[in-house]
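>>> Attaching a predicted model along with its sequence, questions to come.
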Amino acid sequence: MNQPFYTGKGIGVAILDTGIYQHIDFDSRICAFVDFISNKKMAYDDNGHGTCVAGILAGSGAASMGKYKGAAPGCHLAVLKVLDRFGNGNKEDVLKAFDWILCNRQRYNIRIVNISVGTTYRTRSEQDVLVKGVEKLWDEGLVVVAAAGNQGPDPGSVTAPGCSKKIITVGSSDMLSGKRAVSGRGPTFECVCKPDLVVPGKNIMACSPGAGNLYSMKSGTSMSTPLVSGTIALALEKDPLLTNLEIKMMLRESTEDMGLPRNQQGWGKFNCQKFLAL
């Protein structure tokens, strides 16, 4: 999955999630941890979701002899805990996390924001606050990657902030049809086709909290999203001058048509090697 000479070294990725366990696979690459739920100083994850996402994105595979290595095992992580142990949170904390990123992006060289969380909405106004928040990050030059959510397969089921027309929205290529067709899809309120692209998200093995530096298996668009974020980190190490818009266009050119509707598969299934070759 990874190119031999690029690991994402020097590239900072902000992860908004349930936190992170200091798994051996992250060695000393957790550069910042901010707890918007309980204001604790030491990194922790009382749910497990955030640690899994971080493992898919940046795990070194040290505890598995390289078997469960993440996409960018050299990048560093700024982890913002905006969800509690039940996976619940509020938009106020998410917006505070967005502000923190803008204030600290240069200090930690944050180039990518991974949001493997989303919320359903009943009206346009309910989604607007989160969408405006991620679009502010995007307009400031950050590459924002968000999950399409697991509320599918009905049309209009992509969650916020993944419904933003600007940011990169990721669905699960192996959860688009059949009994596990939960990957969120468009169109959005603005009649924008979403997701932008899809990658596998079912039964992904990655880092798990707890003594022993274990791994566990999870499924969903949350697991698909960090694979894309991690691969983008590799591209930014290769060419630090790439803009978020250029990254998005490169992603479009590196997908393979699955023969499904645009609002189901996006541009198609992501091909990591093709993307890095661009």
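Happy to help now that I have it. Residues are numbered from 1 along each chain as shown.

>>> contacts and neighbour counts: CA atoms only from here.
Fine.

>>> Quick check: which helices or strands does the lowest-mean-pLDDT helix or strand in the chain pack against?
Taking mean pLDDT, DSSP states H and E as the measure, the chain has helix 124-139 as its least confident helix or strand, at a mean of 90. Helix 124-139 sits against helix 91-104, strand 143-147, with contacts defined as 3 or more Cα pairs under 8 Å, 6 or more residues apart in numbering; DSSP states H and E.

>>> That helix relative to strand 143-147, how many degrees between them?
140 degrees (axes from the mean of the first three to the mean of the last three Cα atoms, to 10 degrees).

>>> now helix 124-139, how far from the centre of its chain.
How far helix 124-139 lies from its chain's middle: 16 Å, per Cα atoms, centre = their mean, to the nearest Å.

>>> any idea of the mean pLDDT in stretch 102-113?
Throughout stretch 102-113, pLDDT has a mean value of 98.

>>> What lies in contact with that stretch?
Identification of contacts with stretch 102-113 by Cα atoms under 8 Å, 6 or more residues apart in numbering yields 10-16, 31, 78, 101, 137, 141-145, 229, 232-233.

>>> Neighbour count says what about these? Which are buried?
Buried members of these, counted by 16 or more other Cα atoms under 10 Å: 10-16, 78, 101, 137, 142-145, 229, 232-233.

>>> quick one: the nearest residue to R185 once chain neighbours are set aside from Q127, how far?
Closest residue in space to R185, ignoring its immediate chain neighbours: V158 at 4.8 Å, by Cα to Cα, 6 or more residues apart in numbering. As judged by Cα to Cα, to the nearest Å, V158 and Q127 stand 11 Å apart.

>>> Between the two, which has more neighbouring residues?
More crowded of V158 and Q127, by other Cα atoms under 10 Å: V158, with 34 against 21.

>>> Just the pLDDT for that one.
What the model reports for V158 is a pLDDT of 95.

>>> Which of the helices or strands spans it?
Counting by DSSP states H and E, no helix or strand carries V158.

>>> Show me the strands in the stretch 151-278 of the chain, by range?
Under the criterion DSSP state E, counting those that start in this stretch, the stretch 151-278 of the chain contains strands at 168-172, 197-199, 204-207, 215-218, 255-256, 269-270.

>>> Could you look over those and pick the most buried one?
strand 168-172 (a mean of 33; mean count of other Cα atoms under 10 Å).

>>> What strands flank that one, and is each parallel or antiparallel?
Sheet pairing of strand 168-172 (DSSP bridges) gives strand 143-147 (parallel), strand 197-199 (parallel).

>>> closest to I24 out of the strands of the stretch 151-278 of the chain?
Closest to I24 of the strands of the stretch 151-278 of the chain, according to Cα to Cα: strand 204-207, at 9.2 Å.

>>> List the neighbours of the closest one that are in contact with it.
The set of residues external to strand 204-207 that reach it, using Cα under 8 Å, 6+ apart, is 23, 25, 51-56, 59, 68, 70, 213-219, 223.
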